[in-house]
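Engineer: Predicted coordinates and the sequence they were generated for:
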Amino acid sequence: PIGRFIPDHFAVQSSAVSLAPACSTFTYLGQEFGYQDAPQITIVAQNLGNEETRNYRDDFFKLPATLTPSYSNNVSGRTLVVAPTALSLAPTSSQTVTVADTFAYFRETTAPFDADFDLTLAVADGDGVLYGSDGNFVIASIGGTQLRSGRLVIADNYGLEIEDITHSPIYTQYWDGSDWLLNSDDDCTSGIAFDSSRAHVASNPEISGGRGYLTVDRPAGSAPETITVCPVAPDWLSCSGSSCCGTFTFGIYRGNDRLIIRLEE
């Protein structure tokens, strides 16, 4: 037997990295997102001449069996949520591992901002052989999605006591820093449910351009009657109290929809 073989250092490099927006070009705060182009990190044991130390394998391999990336957020005042997954290493002198973590930013009401964080992988073996001067391989300023504070809102409406209210608007909105605006980029929100104690909604709306439409069944009671319909939205679009609920009043004449203006003399 000949050995043991100890490399001089580790060479580490990564493929191009970008994030995948959860919807179109953006992600709601509190919504999970991941990589569009996941980091494929190659670790190579090298000698002083930067050539692969091919005998650094099997029993001579002294890197840990797993390496776990860490993340640091670069957006001031915002909180990145991530549970990094350990990367399994094979006892060989050259290998590539793929990072497949998912992320979310803590949900709060704030103006839109771009995701920006660093990934660090500590590469050091039991003999003190390192990548670089401190062992830390860093992929800096990972981005690729805008983050928006969102909510789902049902518009108020009214109609006759003998008809259902149809084509009634429901919106997704985002906070621009001073006001809630229609999120016209949202073509992704689906699976909207409604408060089970209010069994008046006859349709399951899909959102396109930030808008959807629902039908509200007329109640069985005598007119006029008012009911409240509240959405059961995904966590990243929910809101507290009645601010996102719609009030529907039956038994009120709304006029002819084809009239632009009515004047009386």
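Structural biologist: Thanks, I have it.
Engineer: Which residues does the helix or strand of the chain with the lowest mean pLDDT contact?
Structural biologist: Of all regular secondary-structure elements in the chain, judged by mean pLDDT, DSSP states H and E, the least confident is strand 193-194 with a mean of 84. Here strand 193-194 makes contact (Cβ atoms under 8 Å, 6 or more residues apart in numbering) with Val201, Asn204, Val229, Cys230, Pro231, Val232. Every residue, glycine included, has its C-beta placed from N, CA and C.
Engineer: List only buried entries from those.
Structural biologist: Among the contacts of strand 193-194, those that count as buried by neighbour count (16 or more other Cβ atoms under 10 Å) are Val201, Val229, Cys230, Pro231.
Engineer: coming back round to it: quick check: of the contacts of strand 193-194, which lies closest to Asn157?
Structural biologist: For Asn157, the closest of these turns out to be Val229, at 9.5 Å, with distances computed as Cβ to Cβ.
Engineer: would you list every one of the helices in this structure?
Structural biologist: For the chain, no helices are identified by DSSP state H.
Engineer: distance of Gln173 from Thr85?
Structural biologist: In this structure, Gln173 and Thr85 are 34 Å apart, going by Cβ to Cβ, to the nearest Å.
Engineer: same thing with Ser240?
Structural biologist: The gap separating Ser240 from Thr85 is 33 Å, by Cβ to Cβ.
Engineer: Of those two, which one has the most company?
Structural biologist: With other Cβ atoms under 10 Å as the criterion, Ser240 and Thr85 differ in neighbour count, and Thr85 comes out ahead with 13 against 7.
Engineer: just to revisit the earlier point, Throw the buried ones among the contacts of strand 193-194 into JSON lines and include pLDDT and distance to Ile165, thanks.
Structural biologist: Shown next, in JSON lines, are these (pLDDT from 0 to 100; distance: Cβ to Cβ, whole Å):
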{"residue": "Val201", "pLDDT": "77", "distance to Ile165": "10"}
{"residue": "Val229", "pLDDT": "88", "distance to Ile165": "10"}
{"residue": "Cys230", "pLDDT": "88", "distance to Ile165": "16"}
{"residue": "Pro231", "pLDDT": "87", "distance to Ile165": "16"}
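Engineer: For Asp104, which residues count as its bridge partners?
Structural biologist: Quick fix: residue 104 is Ala, not Asp. In this structure, Ala104 has the following beta-bridge partners (DSSP bridges): Val81.
Engineer: What does the pLDDT read for it?
Structural biologist: According to the prediction, Ala104 has pLDDT 98.
Engineer: now swap in Glu265 and tell me
Structural biologist: In this prediction Glu265 is given a pLDDT of 60.
Engineer: Just the contacts of strand 193-194: which are in strands?
Structural biologist: Cross-referencing the contacts of strand 193-194 with the strands (criterion: DSSP state E) gives Val229, Pro231, Val232 as the overlap.
Engineer: Contact partners for the first one?
Structural biologist: Contacts of Val229 were listed using Cβ under 8 Å, 6+ apart, and they are Ile154, Phe194, Asp195, Arg198, His200, Val201, Leu214, Val216, Cys245, Gly246, Phe248.
Engineer: any idea how far Asp118 lies from Gly144?
Structural biologist: When distances are taken as Cβ to Cβ, Asp118 and Gly144 turn out to be 14 Å apart.
Engineer: And Thr85, by the same measure?
Structural biologist: Using Cβ to Cβ, one gets 19 Å for the distance from Thr85 to Gly144.
Engineer: Please name the residues that touch Glu51.
Structural biologist: Counting by Cβ under 8 Å, 6+ apart, Glu51 makes contact with nothing.
Engineer: mind checking the backbone torsions on it?
Structural biologist: Backbone torsions for Glu51, taken as degrees, to the nearest 10, come to phi -100, psi 150.
Engineer: Number the residues from 276 up from this point.
Structural biologist: Understood, numbering begins at 276; the last thing we discussed is Glu326.
Engineer: Please give the number of neighbouring residues around Ala399.
Structural biologist: Neighbouring residues of Ala399 were enumerated by other Cβ under 10 Å; the total is 18.
Engineer: correct me, but it touches Phe412?
Structural biologist: No. Counting by Cβ atoms under 8 Å, Ala399 does not reach Phe412; the two are 10.4 Å apart.
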